[in-house]
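Enquirer: sequence and predicted structure are below.
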Amino acid sequence: MAHVVVFSVFAQERTVGVFNRAPGVSEGYTLFSPSANNVAYLIDNCGQLVHSWEASDKPGNALYLMDDGSLYRAAQTQNLQIVAGGAGGVIEKYNWEGDLVWTYTYSSPNFRAHHDFQVLPNGNVLILAWEVKSQMNCIQNGRDPELIAENELWPEKIIEVEPFGTNEGTIVWEWNAWDHMIQDFDDTKANFGVVADHPEKINLNYIRPGKDGADWQHANSIDYNAELDQIMLSVLFFDEIWIIDHSTTTSEAAGSGGDLLFRWGNPIAYDKGNVEDQKLFGQHNAHWIEPGLPEAGKVVVFNNGVNRPDGVYSSVIKLDLNDEASYPKDEWGQFLPNDMFWEFTASPKTSFYSRFISGAHQLPNGNTLITDGAHGTFFEINTNKEEVWRYVSPVTIFGIAEQGNLVTNPVGDGTNTVFRATKYPISHPAFFGRNLTPGAPIENNPDLTPCETATDSPPDETTSMDVIMFPNPANDHVNITGFQGAYSIFNVHGKNIIMGTVLENGEIPTHTLVRGMYFLRLDNGVLKKLIIE
């Protein structure tokens, strides 16, 4: 299906900012942190700035907006021993007002946080990190000495940190890829076995051609599924996604309990396939679609397309893993599914290629927001794969660009790279009661042609002297007095969960809702926050 512009609502030729806004675009605010400066920007669909956070340190890639309006971001700290793309070392938390309220440093000559992290429902933080293994340690564990080009390796590890104070935290759980190796190179060393017989293990001597450096695996995203209590990693230099169990103790995670539950994208990495079987090529941002969103539970991956045999192009795919309890394999021993559930490519395919960073995620109305990170471009497609919104970041390594100036460099990448952009619906709890009056666009000398399609205002809790809701928190029902008529209940992503009419006794059934926060909208305009225990 073609990747096309439906129409432009702007009057003049543009080089940055909003290029397209068509009917069907999802209403919300887009958060992004350019690689070129220390500011995180929140913009509306017209490209107008509605909020920003300024930090003192360079971004370390990922950032997330929380329900309470706080912003978590990865940041960089100096570490001359561990230097590679995506290096960070610090996780920071800012309140809505921009004050730094917590920071945690995980960086030393022996380890360094990088790329991504996840804030868990209990407030703990999962952090992706490298850990240095010496040349001797590598050889003792069965690494081919010819494949230790930089005299050490940095396998992946994950730590779970319980924050406290303003700059402290306790590591309460960890997982190390180094504990789950297998090798068939030297039967006198540790981890010896038949690689093809153990897809749950990581081949210590697998390398993508030309990637025999210390940063040998290079995971670039981490995601958490609370329902399954599982963690997903995107492992760039293996061209795979991995899933592991989080319900283990640290001790169990160091043993068989921490082996891979699932892997997909490149069965060559576990000696179960050939080039025709490879599906992922330098991918980023592998994650489960959140509960409450269309196609919840499926997996989204930005497939960059590096070294893709049928041409240089990027795609976005969705996977249906079917049975998360067992993660079955086919008769050849390859993890299912054999192919993707859904795929988006441009037309022609080679017109869309982002060779590094980037991402994509599902929106409440079924659309998909895609980040072409190499060119600092975000575009939204609808369920027919038609483009309904496009934005080019004006923040470059040379400063804020002026409208009309190009932001590409001689090799075709942008000077305005962005790791990943995220669009939050207007119903997101972070926006309740906040001042989101649109300001000017970020770019200099902007085109101020009015944005013709109006954006809804973010919902704010409204009340009426005559309408009372109780109990709240609720369990199987909530009562309404002072109102008879239609209602709808929607989740924090803006998706309608229940629609109906208030019963004669004033009761609204809520027994089908899982624990969490929702919003009850009455057709008289009253909006109330509803908590289900």
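Expert: Alright, I've got the coordinates.
Enquirer: helices of the stretch 401-533 of the chain, residue ranges please.
Expert: Per DSSP state H, counting those that start in this stretch, the stretch 401-533 of the chain carries no helices over any range.
Enquirer: likewise for the stretch 151-300 of the chain?
Expert: 250-254.
Enquirer: mind listing what the residue most central in space within the chain touches?
Expert: The chain has residue 285 as the residue nearest its centroid, 5.1 Å off, counting by CA atoms, centre = their mean. With contacts defined as CB atoms under 8 Å, 6 or more residues apart in numbering, residue 285 is in contact with 220-221, 234, 300-302, 358-361, 371, 420. Bear in mind the C-beta positions are built from the backbone N, C-alpha and C, glycine included.
Enquirer: same check, this time on residue 230
Expert: Neighbours of residue 230 in contact, by CB under 8 Å, 6+ apart: 224, 243-246, 261, 324.
Enquirer: leaving out sequence neighbours, find the closest residue to it.
Expert: residue 243 (5.5 Å; CB to CB, 6 or more residues apart in numbering).
Enquirer: now swap in residue 67 and tell me
Expert: Leaving aside its sequence neighbours, residue 67 sits nearest to residue 429 (CB to CB, 6+ apart; 4.2 Å).
Enquirer: doesn't residue 138 belong to a helix?
Expert: Yes. Assessed by DSSP: H, G, I helix; E, B strand; the rest coil, residue 138 belongs to a helix.
Enquirer: how about it, what does it touch?
Expert: Residues in contact with residue 138 (CB under 8 Å, 6+ apart) are 148, 152-153, 204.
Enquirer: of all those, which two lie farthest apart?
Expert: The span of these, defined through CB to CB, is set by 152 and 204 at 13.8 Å.
Enquirer: was I right about the residue nearest to residue 67 contacting residue 517?
Expert: Yes. Counting by CB atoms under 8 Å, residue 429 touches residue 517, with 6.5 Å between them.
Enquirer: who has more neighbours out of those two?
Expert: It is residue 429, of residue 429 and residue 517, that has more neighbours when counted by other CB atoms under 10 Å, with 17 against 13.
Enquirer: picking that back up, who's in contact with the residue nearest to residue 230?
Expert: Applying CB under 8 Å, 6+ apart to residue 243 gives the contacts 230-233, 260-263, 327.
Enquirer: farthest-separated two in these?
Expert: Farthest apart among the contacts of residue 243 by CB to CB are 233 and 327. That separation is 14.6 Å.
Enquirer: for the protein, give me the ranges with low pLDDT.
Expert: 1-12, 323-325, 410-411, 452-465, 492-496, 525 (pLDDT under 70).
Enquirer: tell me how it divides into domains.
Expert: Annotated domains of the chain cover 17-431, 468-532 [automatic domain parsing].
Enquirer: and the ones you listed as JSON lines, adding distance to residue 446?
Expert: Output for the domains of the chain, formatted as JSON lines (distance: least, CB to CB, whole Å):
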{"stretch": "domain 17-431", "distance to residue 446": "6"}
{"stretch": "domain 468-532", "distance to residue 446": "28"}
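Enquirer: for those, which one sits closest to residue 451?
Expert: Proximity to residue 451, assessed across the domains of the chain by CB to CB, is greatest for domain 17-431 (3.4 Å).
Enquirer: any idea how far apart the tips of the closest one sit?
Expert: End-to-end span of domain 17-431 (CA to CA, to the nearest Å): 23 Å.
Enquirer: and it, how far from the chain's centre?
Expert: Relative to the chain's own centre, domain 17-431 is displaced by 7 Å; criterion: CA atoms, centre = their mean, to the nearest Å.
Enquirer: stretch 418-436 too?
Expert: That offset, for stretch 418-436, works out to 15 Å (CA atoms, centre = their mean).
Enquirer: may I have the secondary structure class of the residue lying closest to residue 102 once chain neighbours are set aside?
Expert: Nearest residue to residue 102, sequence neighbours excluded (CB to CB, 6+ apart): residue 93, at 4.1 Å. Judged by three-state DSSP, the three-state class of residue 93 is strand.
Enquirer: for residue 335, grab the count of nearby residues.
Expert: Neighbour tally, residue 335, other CB under 10 Å: 23.
Enquirer: same deal with the one 4 residues further on?
Expert: Counted with other CB under 10 Å, residues neighbouring residue 339 total 9.
Enquirer: once you drop chain neighbours, what's closest to residue 430?
Expert: In space, and not counting its chain neighbours, residue 430 is closest to residue 69: 4.3 Å by CB to CB, 6+ apart.
Enquirer: would you confirm that the one you found contacts residue 424?
Expert: No. Contact criterion CB under 8 Å: residue 69 and residue 424 do not qualify, at 10.9 Å.
Enquirer: of the two, who's got more company?
Expert: It is residue 424, of residue 69 and residue 424, that has more neighbours when counted by other CB under 10 Å, with 22 against 18.
Enquirer: distance of that one from residue 301?
Expert: Residue 424 is 21 Å from residue 301, where distance means CB to CB, to the nearest Å.
Enquirer: do the same with residue 440
Expert: Residue 440 is 36 Å from residue 301, where distance means CB to CB.
Enquirer: more neighbours: these two, which one.
Expert: Using other CB under 10 Å as the criterion, residue 440 and residue 301 rank with residue 301 on top: 26 against 11.
Enquirer: residue ranges of the strands in the stretch 351-500 of the chain, please?
Expert: Using DSSP state E, counting those that start in this stretch, the strands found in the stretch 351-500 of the chain span residues 359-362, 368-372, 377-381, 387-392, 395-396, 399-400, 422-425, 468-470, 477-481, 486-491, 496-501.
Enquirer: using a markdown table, lay out these together with distance to residue 278.
Expert: As requested, the strands of the stretch 351-500 of the chain are exported to a markdown table (distance: least, CB to CB, whole Å):
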| stretch | distance to residue 278 |
| --- | --- |
| strand 359-362 | 20 |
| strand 368-372 | 22 |
| strand 377-381 | 25 |
| strand 387-392 | 28 |
| strand 395-396 | 35 |
| strand 399-400 | 41 |
| strand 422-425 | 29 |
| strand 468-470 | 54 |
| strand 477-481 | 52 |
| strand 486-491 | 37 |
| strand 496-501 | 39 |
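Enquirer: can you say which of those is nearest to residue 101?
Expert: Proximity to residue 101 (CB to CB) singles out strand 422-425 among the strands of the stretch 351-500 of the chain, at 20.2 Å.
Enquirer: so which bits of that closest one are buried?
Expert: In terms of neighbour count (16 or more other CB atoms under 10 Å), strand 422-425 has its buried residues at 422-425.
Enquirer: for residue 215, what are its contacts?
Expert: Here residue 215 is in contact with 84-85, 130, 154, 237 (criterion: CB under 8 Å, 6+ apart).
Enquirer: show me which of those residues is closest to residue 531.
Expert: Taking CB to CB as the measure, residue 531 lies nearest residue 130 of those, at 40.3 Å.
Enquirer: surely that closest one is in contact with residue 110?
Expert: No. The pair residue 130 / residue 110 is not scored as a contact, 9.3 Å apart, by CB under 8 Å.
Enquirer: the two - which one has more neighbours?
Expert: residue 130 (27 against 13).
Enquirer: how about JSON lines for the contacts of residue 138, with distance to residue 195 added?
Expert: Output for the contacts of residue 138, formatted as JSON lines (distance: CB to CB, whole Å):
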{"residue": "148", "distance to residue 195": "19"}
{"residue": "152", "distance to residue 195": "23"}
{"residue": "153", "distance to residue 195": "17"}
{"residue": "204", "distance to residue 195": "9"}
